[in-house]
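Undergrad: sharing a model prediction with you, sequence too.
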Amino acid sequence: MLALWIEPNRLSIKCIGLFFGCILSEMPERARLEGYVGAKVEYLTPKTTLQSYYEHDYESFLAVLKKNRKKLAIDPACRKPAEALKAELEGSMGKLLPLRERADE
């Protein structure tokens, strides 16, 4: 029984880590080229909304990034980075939500 709960949670944590590794790259030069934000979550506020992105909608996530615009390597208000962020967020949530539902069962 416990194993059925642990595996989805382990995969959820991995999925969240991959999402943050992808969009919150620490390399600003890579961020400018690939549309990633180039900042660690620890330096952005409010961290809770970013860390629990799967509990919020895209607009809330984007609002936090816009609030932290000066700390980022990209401007999240521009269309191209915003579209890339939305695609990454939706892709991650598409993988994460079924795992979280399995873990809740």
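TA: In hand now; what should we look at? Numbering: from 1, shown residues only.

Undergrad: what about the closest residue to Y53 other than its chain neighbours, how many residues nearby?
TA: The spatially closest residue to Y53, leaving aside those adjacent along the chain, is F61, at 5.3 Å (CB to CB, 6 or more residues apart in numbering). To be clear about C-beta, it is placed using only N, CA and C from the backbone, and glycine gets the same treatment. For F61, the neighbour count with other CB atoms under 10 Å is 20.

Undergrad: A77 now?
TA: Neighbour count for A77, taken as other CB under 10 Å: 11.

Undergrad: now P81: how far from E101?
TA: 30 Å (CB to CB, to the nearest Å).

Undergrad: just D57 next, same as before
TA: Per CB to CB, D57 is found 18 Å from E101.

Undergrad: quick one on the thing from earlier: ok, the residue nearest to Y53 - contacts?
TA: Going by CB atoms under 8 Å, 6 or more residues apart in numbering, F61 touches T49, L50, Y53, L85, L89.

Undergrad: what's the closest of the residues you listed to L72?
TA: L85 (10.6 Å; CB to CB).

Undergrad: surely the closest one and E59 touch.
TA: No: in this structure L85 lies outside contact range of E59 using CB atoms under 8 Å: 11.5 Å.

Undergrad: okay, the two: which has more neighbours?
TA: When L85 and E59 are compared for neighbours, L85 comes out ahead with 20 against 8, by other CB under 10 Å.

Undergrad: which element is that one on?
TA: Assigned by DSSP states H and E, L85 belongs to helix 79-104.

Undergrad: what's the mean pLDDT across stretch 59-79?
TA: Mean pLDDT, stretch 59-79: 88.

Undergrad: so which bits of that stretch are buried?
TA: Buried residues in stretch 59-79, counting neighbours by 16 or more other CB atoms under 10 Å, are found at F61, L62, V64, L65, N68, L72, A73, I74, P76.

Undergrad: export it to CSV, keeping only CA atoms.
TA: Extracted in CSV, the C-alpha atoms of stretch 59-79 (Å, rounded to 0.1, in the frame of the first residue of the first chain):
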residue,chain,number,x,y,z
GLU,A,59,-1.9,33.8,-15.1
SER,A,60,-0.9,33.6,-11.4
PHE,A,61,2.5,32.1,-12.3
LEU,A,62,3.1,34.8,-15.0
ALA,A,63,2.1,37.5,-12.6
VAL,A,64,4.8,36.5,-10.1
LEU,A,65,7.4,36.5,-12.9
LYS,A,66,6.3,39.9,-14.0
LYS,A,67,6.5,41.2,-10.5
ASN,A,68,10.1,39.9,-10.4
ARG,A,69,11.0,41.2,-13.9
LYS,A,70,14.2,43.0,-12.8
LYS,A,71,15.6,39.8,-11.4
LEU,A,72,15.1,37.8,-14.6
ALA,A,73,17.1,37.5,-17.7
ILE,A,74,14.0,37.8,-19.9
ASP,A,75,10.9,39.9,-19.9
PRO,A,76,7.9,37.6,-19.1
ALA,A,77,5.5,40.2,-20.6
CYS,A,78,6.9,39.6,-24.1
ARG,A,79,5.0,37.2,-26.2
